[in-house]
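Student: Have a look at this fold, sequence not included:
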């Protein structure tokens, strides 16, 4: 579909069946993609009133400026593509621009093989001994520079551990020694060492956290104290705990036993599990596959809808865990704190269901 120009009041979308007129506020952003070869951002959006799903191309000038200009470039793009980007925050655009810019300047690097079994950082924490932290630092610092580059972190975090590039980039920016001499020295690496634990994602704000297929080895995973984060766990787990999260979007691949969601607010979850148990959660939405009746306790204003997500190897993982999509107990909610005078949960209308594609 081809897009034509826009005015402040309305825009014209040229489709193979003819032009469509709509107001800017009718545009609903769905998801972003990146074309690294062309150096552009692709926005998938819909206009529900016109039953239209389309794509908008956002060209990015990567020849000018550097990483410090990402945010200003994002603000400029929001002005240029206002009808499509009005609801998109500059920080999100800035991260996309940063990924395009980094890919343009980064040389090809050898790929490290994905971890088999438990990684050496499986017990990484703020209490880890200096000797352990130094050993991992030396393992990442393959050239012995005494300072970790972005390529070093990508090799270890993304290739070996199965993290997403956004998390490696955040780590690099947060613990890099200085802009004049970019790189993560040992003292700063030690401060962030606990973040390398693939099974513990704790105390993060406005980050994108990813665990790729084949990265977790069926272990237990914990999310704790996340705020305004996006979390995509695309590998099966043995058990999952989610505590004290606010304003997050969380995808969980099939969990072989129970998922516990406790003390969470204003979150959206896509969960596939043997059983879901919630406690003290408020204003949360669950797109759920459950082999047994979901349990609700001391929670309010919860919404339930069927599982509506897909990601690489999703069908294969459902088969491996013997999760039959035709036998989903997502509606069979049992509320331990139920009251005759009010309901603490509701079935979400199907026209409000959001499909997540990773």
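Tutor: Ah, there it is. This is a predicted model, so every value here is computed, not measured. Numbering: from 1, shown residues only.

Student: quick one: contacts of stretch 348-358?
Tutor: Stretch 348-358 has contacts (C-beta atoms under 8 Å, 6 or more residues apart in numbering) with 31, 232, 234, 249, 251, 268, 270, 285, 287, 303-306, 308-312. Where C-beta positions appear, they are placed from N, C-alpha and C, glycine not excepted.

Student: could you give me the average pLDDT of it?
Tutor: In this model, stretch 348-358 has a mean pLDDT of 88.

Student: same question, stretch 301-316
Tutor: According to the model, stretch 301-316 has a mean pLDDT of 95.

Student: Got the domain ranges for this protein?
Tutor: Segmentation of the chain into domains, based on automatic domain parsing, reads 2-105, 109-198, 200-358.

Student: could you dump the ones you listed to a markdown table with mean neighbour count?
Tutor: A markdown table is the format used below for the domains of the chain (neighbours: other C-beta atoms under 10 Å):
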| stretch | mean neighbour count |
| --- | --- |
| domain 2-105 | 15 |
| domain 109-198 | 16 |
| domain 200-358 | 18 |
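
Student: Return the member of those domains having the minimum mean pLDDT.
Tutor: domain 2-105 (a mean of 82).

Student: roughly how far is that domain from the heart of the chain?
Tutor: Offset of domain 2-105 from its chain centre (C-alpha atoms, centre = their mean, to the nearest Å): 19 Å.

Student: so of the contacts of stretch 348-358, which ones are in strands?
Tutor: In strands, defined here by DSSP state E, the members of the contacts of stretch 348-358 are 31, 232, 249, 251, 268, 270, 285, 287, 303-306, 309-310.

Student: Turn those into JSON lines, including distance to residue 139.
Tutor: As requested, these are exported to JSON lines (distance: C-beta to C-beta, whole Å):
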{"residue": "31", "distance to residue 139": "35"}
{"residue": "232", "distance to residue 139": "26"}
{"residue": "249", "distance to residue 139": "33"}
{"residue": "251", "distance to residue 139": "30"}
{"residue": "268", "distance to residue 139": "37"}
{"residue": "270", "distance to residue 139": "34"}
{"residue": "285", "distance to residue 139": "41"}
{"residue": "287", "distance to residue 139": "39"}
{"residue": "303", "distance to residue 139": "45"}
{"residue": "304", "distance to residue 139": "44"}
{"residue": "305", "distance to residue 139": "44"}
{"residue": "306", "distance to residue 139": "43"}
{"residue": "309", "distance to residue 139": "34"}
{"residue": "310", "distance to residue 139": "35"}
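
Student: Now the two most distant members of those residues.
Tutor: Greatest spacing in those, by C-beta to C-beta: 31 and 304 (23.1 Å).

Student: Grab the longest helix from this structure for me.
Tutor: Assignment by DSSP state H gives helix 90-105 as the longest helix of the chain.

Student: just the helices in this protein please.
Tutor: For the chain, the helices defined by DSSP H cover 70-80, 82-85, 90-105, 130-140, 150-153, 165-175, 186-192, 314-320.

Student: quick one, which of those is nearest to residue 243?
Tutor: Among the helices of the chain, helix 165-175 comes nearest to residue 243, with 19.8 Å by C-beta to C-beta.
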